[in-house]
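K.L.:
here is the input, now give the coordinates:
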Amino acid sequence: MKARDAYRKIIGREAAQDIAKLRKRVDRLGERTHSTAKDAELHVREMNRIAPQLAALEAKVEDLRLMLAEAPRIDGPEDVATARSLVEQIQREHAQIRVRLSAVTTYEERLRRIEEKLGLPHD
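P.N.:
Here you go, the predicted model:
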């Protein structure tokens, strides 16, 4: 019986050590998950902040498209200057849109990675 009791003590001690190790791992994972969730919340807030700006840019692009759709005739030098000004305005807007879309894409990629780490479904 003494051998059996000693064996049980050893097994019990090893099981307790294994359980303690697993608890530490679970605690570390919980900390990482909490940190990742905070990051995800930050990125969602940033996306919500950027979304109205993106919508405004889309509206500006549509306004510019409608201005171009009218296709004004160029009859004189002032019309050429107006046309050039319009083209420059479109180019500036286009550059701003590219920058903002790039930022949105970066945030979406960050959110996707965070969702992946958390095991959440992502689109």
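K.L.:
which residues does stretch 111-122 contact?
P.N.:
Residues outside stretch 111-122 that contact it (CB atoms under 8 Å, 6 or more residues apart in numbering) are Thr33, Thr36, Ala37, Asp39, Ala40, His43, Val44, Met47. Every C-beta, even on glycine, is put in place using the N, C-alpha and C of the backbone.
K.L.:
what's the average pLDDT for it?
P.N.:
Averaging pLDDT along stretch 111-122 gives 77.
K.L.:
any idea how far that stretch is from the chain center?
P.N.:
Between the centre of stretch 111-122 and the centre of its host chain there is 10 Å, according to CA atoms, centre = their mean, to the nearest Å.
K.L.:
what are the buried residues along it?
P.N.:
Neighbour counts using 16 or more other CB atoms under 10 Å place Leu111, Ile114, Glu115 of stretch 111-122 among the buried residues.
K.L.:
swap in stretch 49-60?
P.N.:
Leu57.
K.L.:
going through the contacts of stretch 111-122, which ones are buried?
P.N.:
Buried among these by 16+ other CB under 10 Å: Thr36, Asp39, Ala40, His43, Met47.
K.L.:
following the helix or strand harbouring the fourth one in sequence, what is the next regular element?
P.N.:
The one in question is His43. Secondary structure assignment for His43, by DSSP states H and E: helix 2-69. With elements assigned by DSSP H and E, the helix or strand that comes after helix 2-69 is helix 77-118.
K.L.:
that next one vs helix 2-69, what angle?
P.N.:
170 degrees (axes from the mean of the first three to the mean of the last three CA atoms, to 10 degrees).
K.L.:
any idea how far helix 77-118 is from the middle of the chain?
P.N.:
Counting by CA atoms, centre = their mean, helix 77-118 comes out at 17 Å from the chain centroid.
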